[in-house]
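K.L.:
I need the structure of the sequence given here:
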Amino acid sequence: MGAMSHDEADSVASSDRKPWTWRDRLLWGAVVVVCALLAVGLALPASRYAPQAARYARCRNNLQRITQAMLRYGQIHGSLPPPFTRGPDGTPLHSWRTLILPYLGEEKLFSAIDLSKPWDDPANARARRSMPEVYACPSSQAPPGRTTYMVVVAPESCFPADGPVTLEDLAEAAPETLLVGDFSWRGAVDWMTPQDTDMESWLGVGKEDVTNHGGVFFSLGALDGRTRGIDLESLDAERRRAWITTTDEDDRAEQP
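P.N.:
Residues are numbered from 1 along each chain as shown. Predicted coordinates for the structure are as follows:
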């Protein structure tokens, strides 16, 4: 007897197959659905993480650019920018965010601002509507034109209200001294306003207030330029003061 041809083998095999019942089809359909759900489930964490990681990186980049602009301002003027400028009567007029615009590549916007008039004067209304993208945390839920990037205005910080900190003073600070931080969108301010946060608010910030990045507070070191995420609940009042003070580490240890 000769060997069976391929066509004959296929014919025999097909004749031996039983037709699919509705149970077979239902079972196979269930398997396909389960596999699809598993595939989607495995992909979801990555899809959630990707945009979050992108926002995280963009916020860090914003803070780095802001810090670099502050230091370039210092190289030209010999000191960090003051937290705000003052009018003849001592009234705060403009924020440090306005003063560093030329060092962020925003020379045109800076030239459109009348520094002799308050930030909210009608003469500056058009500029107020043009907040640079670098001042917008990508995870902030604040309305347009409001920023969460602020400094701590206090006598011992890098931004005392009575005068700017010189680069010589800054050189004596610890590398991780806070320059600018990303605070909660709930406390966001108009980007041109001469308003930031003070020592009392800094010491009282809790994790529930720091929600731009899932409870993480971003800061930037004054000298090493590294962005850090801080769990503020783990920092007591003394350590929080140390984070923003410009005194050296030996002086910090002597603080009450």
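
K.L.:
the strands in the stretch 101-250 of the chain, which residues?
P.N.:
Using DSSP state E, counting those that start in this stretch, the strands of the stretch 101-250 of the chain run over 146-147, 149-150, 152-153, 178-182, 189-190, 197-198, 217-221, 227-230.

K.L.:
okay, these in TSV with mean neighbour count and distance to residue 241 next?
P.N.:
Where C-beta positions appear, they are placed from N, C-alpha and C, glycine not excepted. As requested, those are arranged in TSV below (neighbours: other CB atoms under 10 Å; distance: least, CB to CB, whole Å):
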stretch	mean neighbour count	distance to residue 241
strand 146-147	21	24
strand 149-150	24	17
strand 152-153	25	10
strand 178-182	25	11
strand 189-190	19	23
strand 197-198	16	13
strand 217-221	23	14
strand 227-230	18	14
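
K.L.:
so residue 74 touches residue 168, yeah?
P.N.:
No - in this structure, residue 74 is not within contact of residue 168 by CB atoms under 8 Å, at 10.3 Å.

K.L.:
ok, the two, which is more surrounded?
P.N.:
residue 74 (19 against 9; other CB atoms under 10 Å).

K.L.:
name the SS class of residue 94, please.
P.N.:
Here residue 94 is strand, with the state taken from DSSP: H, G, I helix; E, B strand; the rest coil.

K.L.:
quick check: the closest residue to it other than its chain neighbours vs residue 238, distance?
P.N.:
With sequence-adjacent residues excluded and distances taken as CB to CB, 6 or more residues apart in numbering, residue 94 is closest to residue 85, at 4.7 Å. Distance, residue 85 to residue 238, by CB to CB, to the nearest Å: 32 Å.

K.L.:
neighbour count winner among those two?
P.N.:
residue 85 (18 against 12).

K.L.:
now do the contacts for the more buried one.
P.N.:
Residues near residue 85 by CB atoms under 8 Å, 6 or more residues apart in numbering: 92-94, 99, 115, 194.

K.L.:
at 7 Å what do you get?
P.N.:
Residue 85 sits next to 93-94, 115 when contact means CB atoms under 7 Å, 6 or more residues apart in numbering.

K.L.:
help me confirm that it is found in a helix?
P.N.:
No - applying three-state DSSP, one finds residue 85 to be strand, outside a helix.

K.L.:
pretty sure residue 96 sits against residue 81.
P.N.:
Yes - Residue 96 is in contact with residue 81 according to CB atoms under 7 Å; the separation is 4.2 Å.

K.L.:
who touches both of these two?
P.N.:
Counting by CB under 7 Å, 6+ apart, nothing touches both residue 96 and residue 81.
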